[in-house]
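Student: sharing a model prediction with you, sequence too.
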Amino acid sequence: MTKANSKQHRRTFIKSLGAASAGVVFAANAPAILAADTPSVGPVPKRPFGRHKEMVSSLCLGGATLARAESAETATRIAHAAIDMGVTFFDNAWEYSQGRAEEWMGNAIQDRRDKVFLMTKVCTHNPGKESREKALAMLEESLKRLKTDHLDLWQVHQILEDSEADSIFIPDGVLQAIEQAKKQGKIRYCGFTGHAKPKTLLRVLSHKYPFDSVQMPLSAFDADDNGFQKLVLPEVLKQRLAPLAMKTLAGNAKPIKDGLATSEECLRYALSLPVTTVVSGIDTMEWLQKNAKVAANFKPMTPEEMASLAQRCSGKKDYQFYRRWAYRDGRPSGVFHA
């Protein structure tokens, strides 16, 4: 994509975002960031990683859910099959399942590391002078568990409060750990995540630091005026960062059980947004095959289809449990009161 086309795409997207009811982004914006000659059947296609030329799969294997597979052997089979299907983006975090998520993923990819765009997250949630040292210690643990000498992407995990947003930029904070790790060749790109308060992510973005990605809820369940899709996604695109979508099913199976929506249409909705990839919770081969098929045969939803699904799903607090859940340095803290 040329620089001129990129600017035009962002202008078109932001204009349509403001006009769309309930914050729905028209699917017509999505093809602008798809890889050329996306096959209708076959491997999962790739999309550009934000402002960079590097391409990554539009479907990402989520490490948190992979750690809940039946066994480590099952997780390995799923990871290998995902790679064979063209899934190159792998997600994880230092704190998932007290380290098991990274260990299982590391075992699975150790003989095919060069085929994976590997991401994990640093979990220094408590602001303080020690956050740089703590972050670097977490990085070394993550590298050891993942059986690699570098990460393709390292993200600051789950920024919940304004104080945490500000703490990224304090002297001797996590940002200095990121810059040090980058100089040492231990990470290639950096970003941050959050799924509680859109305005907190905007607070991070207001610093205009050259992050490479932002991971956040982008789904039919978060398409209302106060959602990440309406408030944060336009700024992410304006800064030419890679939007990484998560919580496609609102973080649980309740929408499916209640008959509100199918997993296929929820995944297709997220893929119809101008995102780089959709992080998918997969703990069985059945779920992998189902989601990879949707991604491989993806056709953007029409504006009418997106609006209809968003009207059914968006803004219902019962389906936004992810806004209330938090971690504290590896320990679940229960309900987060927004």
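Tutor: Here it is on my side, so go on.
Student: check which residues of stretch 55-68 are buried.
Tutor: Across stretch 55-68, burial judged by 16 or more other C-beta atoms under 10 Å covers 56-68. Placement of C-beta: from N, CA and C, glycine included.
Student: then stretch 90-102?
Tutor: Buried positions in stretch 90-102, judged by neighbour count with 16+ other C-beta under 10 Å: 90-97, 99-102.
Student: which parts of the stretch 151-300 of the chain are helices?
Tutor: 162-167, 174-183, 198-205, 228-231, 233-238, 254-257, 263-272, 285-296 (DSSP state H, counting those that start in this stretch).
Student: want to throw the ones you listed into TSV with distance to Gln155 and mean neighbour count?
Tutor: Formatted as TSV, the helices of the stretch 151-300 of the chain follow (distance: least, C-beta to C-beta, whole Å; neighbours: other C-beta atoms under 10 Å):
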stretch	distance to Gln155	mean neighbour count
helix 162-167	14	18
helix 174-183	9	19
helix 198-205	11	19
helix 228-231	15	25
helix 233-238	13	21
helix 254-257	26	14
helix 263-272	18	23
helix 285-296	22	18
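Student: would you turn the ones you listed into JSON lines with mean pLDDT and distance to Val122?
Tutor: JSON lines is the format used below for the helices of the stretch 151-300 of the chain (pLDDT from 0 to 100; distance: least, C-beta to C-beta, whole Å):
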{"stretch": "helix 162-167", "mean pLDDT": "91", "distance to Val122": "12"}
{"stretch": "helix 174-183", "mean pLDDT": "96", "distance to Val122": "6"}
{"stretch": "helix 198-205", "mean pLDDT": "97", "distance to Val122": "14"}
{"stretch": "helix 228-231", "mean pLDDT": "97", "distance to Val122": "21"}
{"stretch": "helix 233-238", "mean pLDDT": "98", "distance to Val122": "20"}
{"stretch": "helix 254-257", "mean pLDDT": "82", "distance to Val122": "30"}
{"stretch": "helix 263-272", "mean pLDDT": "96", "distance to Val122": "25"}
{"stretch": "helix 285-296", "mean pLDDT": "95", "distance to Val122": "27"}
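Student: of these, which approaches Ala81 most closely?
Tutor: Closest to Ala81 of the helices of the stretch 151-300 of the chain is helix 285-296 (C-beta to C-beta; 6.0 Å).
Student: one step back: can you tell me which of the helices of the stretch 151-300 of the chain comes nearest to Pro217?
Tutor: Nearest of those (C-beta to C-beta): helix 228-231, 5.2 Å.
Student: and that closest one, what does it pack onto?
Tutor: If you count contacts as 3 or more C-beta pairs under 8 Å, 6 or more residues apart in numbering; DSSP states H and E, helix 228-231 packs onto helix 198-205.
Student: now the helix it packs on: how far from the chain's centre is it?
Tutor: The chain centre lies 16 Å from the centre of helix 198-205; the measure is C-alpha atoms, centre = their mean, to the nearest Å.
Student: show me the contact partners of it.
Tutor: 159-162, 164-166, 168, 192, 194, 211, 214, 216, 226-228, 231-232, 235-236, 239 (C-beta atoms under 8 Å, 6 or more residues apart in numbering).
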